[in-house]
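Trainee: any chance you could fold what I've pasted below:
(2 chains)
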Amino acid sequence: MATDKGFFNYWVVANSGKGFITHTDSRKFWIRGYPGNVWVCDDIPESRDWGARNSAATKTKSQAQTIVTNIVEAQQATWDDLSDEDKAASTGRPATITLP
Amino acid sequence: MATYKEIRGVNIQSLEADPTAVEGEVWYNASTSKLKMFQSSGSWASGGNINANRNGLAAAGTQTAGLINGGDTAPSPAVVGNSEEYDGSSWTEGSNLNSARYNHAGAGTQTAGIFVAGDATLTVTETYNGSSYTETGDLNTGRNVLAAAGTTTAALAFGGTPGSKNESEEFNGSSWTEGDNLNTGSNALAGAGIQTAALAIAGKRPGFSAEVESYDGSSWTEITNMNTARSHLGSGQVGTTTSTLAFGGQEPAASAKTEEWDGSSWTESGDLNAARYSMGGSGTQTAAFSAGGTPATVATEEWNVSTSVETIAVD
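Mentor: From the prediction side, this is the model:
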């Protein structure tokens, strides 16, 4: 289910595994991961606590979008270079991602 | 405005203490003068990361005794046979598959798992006993992005590609025999249940589909569609035909959506924390895991349902 808040924090941090996002986090705020270790959260105190707890680097929306776009464009270029046979067997050209 | 009795057919009970309730039940606690309801909600949380990122992997088991193997590591193509076991906290490398593969299907448990087909038209079946893989009877029709359900002695494999296959096959512990065909051929679908009570969930038929079919051991029947059409999704494949979970997939963009099945309808529930497809997923409707997938990741997410008694505010 999508967030309805409309104001977001943008973070970069590698998923450290167990405890990185807890069930309590998931229930308190909307969070979504993207390529490049980019995470977007509702901008509320609990999500800011999550960023601090995980030593996440704050980014502007533009900076975060650039990270994601660069990775997706590299994936798209790799896919474009595949043979027709490999393209047909793949799950398709990686989709462009626009951050909320 | 309709009354509660007009909607539910009963009056709200007045009780001295909170009862052992079921989802959605409402009552009045006379001792505390509070109107209350029982609700459950599911959410995803981070689990231990897998040791090697991969997509197109297969999974079996439960959230606290899970198993994944095979897949295609990024950057593609690098097909692996690596197998990892999960204890609910961390993944440990186990014995490798005898035949490295991706886009295969898995079913069973961490100590009695069955893994079938994959790659382009592989027919190889392997079983895992908790320590090593053993090759057993081959599937009759080679395929990939198929689904499976059941156990090492009573399994079911169905759907897949090339094309959108409708064939299903039943395994008796040593060999595969043809079962009834799906009503609509499907590939990149999810499976759940056992050989005599299985679900074929969504996939490509050949476009992105929300269709679901149920198998009773002799024939497939179309049942209620999911809310969101998708392929390459994960499922709580240890679930049953009356209680399972479907998550992630391609819509065609990567999806984070989770839906719960109660035997009659699909309900959208808490999203994955990162949209993904071609992951390995297994477990039940109340405790499942999703590992790896596309976009390339080592992440595991754990699904759990919590229950609570809520006080209803009355204006």
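Trainee: from here on, just use CA atoms for contacts and neighbour counts.
Mentor: Fine.
Trainee: where does chain A have low pLDDT?
Mentor: A:1-6 (pLDDT under 70).
Trainee: if you set the cut-off to 50 instead, what comes out?
Mentor: Low-confidence segments of chain A (pLDDT under 50): none present.
Trainee: ranges for the helices of chain B?
Mentor: Assignment of helices within chain B using DSSP state H yields the ranges B:4-8.
Trainee: run through the residues of it sitting next to chain A.
Mentor: By C-alpha under 8 Å from any C-alpha of the partner chain, the residues of chain B that approach chain A are B:43-49, B:89-90, B:252-253, B:257, B:268-275, B:295, B:299-300, B:304.
Trainee: state which helix of chain A is the longest.
Mentor: Assigned via DSSP H, chain A shows its longest helix as helix A:61-80.
Trainee: need the next SSE after it, C-terminal direction.
Mentor: helix A:84-89 (DSSP states H and E).
Trainee: for the residue sitting furthest away from the middle of chain A, which residues are in contact?
Mentor: In chain A, counting by C-alpha atoms, centre = their mean, residue A:85 sits farthest out from the average C-alpha position, at 30.1 Å. Contact partners of residue A:85, counting by C-alpha atoms under 8 Å, 6 or more residues apart in numbering or on different chains, are absent.
Trainee: how much space separates it from chain B?
Mentor: In this view, residue A:85 and chain B are 11 Å apart by C-alpha to the nearest C-alpha, to the nearest Å.
Trainee: and if you look at residue A:58?
Mentor: From residue A:58 to chain B the distance is 18 Å (C-alpha to the nearest C-alpha).
Trainee: for that residue, give me its contacts.
Mentor: Contact partners of residue A:58, counting by C-alpha under 8 Å, 6+ apart, are A:9, A:10, A:11, A:12.
Trainee: backbone phi and psi for it, please?
Mentor: phi -80, psi 140 (degrees, to the nearest 10).
Trainee: the most centrally placed residue in chain B bridge partners, please.
Mentor: Taking C-alpha atoms, centre = their mean, the centroid of chain B lies closest to residue B:235, which sits 1.4 Å from it. Here residue B:235 sits in beta bridges with residue B:246, going by DSSP bridges.
Trainee: and the gap between it and residue B:222?
Mentor: Using C-alpha to C-alpha, to the nearest Å, one obtains 18 Å as the distance from residue B:235 to residue B:222.
Trainee: hang on, residue A:41 in a helix?
Mentor: No: counting by DSSP: H, G, I helix; E, B strand; the rest coil, residue A:41 is not part of a helix but strand.
Trainee: what residue ranges in the stretch 151-300 of chain B score low on pLDDT?
Mentor: Using pLDDT under 50, nothing in the stretch 151-300 of chain B is flagged.
Trainee: neighbours around whichever residue of it sits closest to chain A, how many?
Mentor: For the stretch 151-300 of chain B, the residue closest to chain A is residue B:274, as judged by C-alpha to the nearest C-alpha, at 4.4 Å. Close neighbours of residue B:274, defined as other C-alpha atoms under 10 Å in any protein chain shown, add up to 22.
Trainee: isn't it up against residue B:258?
Mentor: No: judged on C-alpha atoms under 8 Å, residue B:274 makes no contact with residue B:258 at a distance of 11.5 Å.
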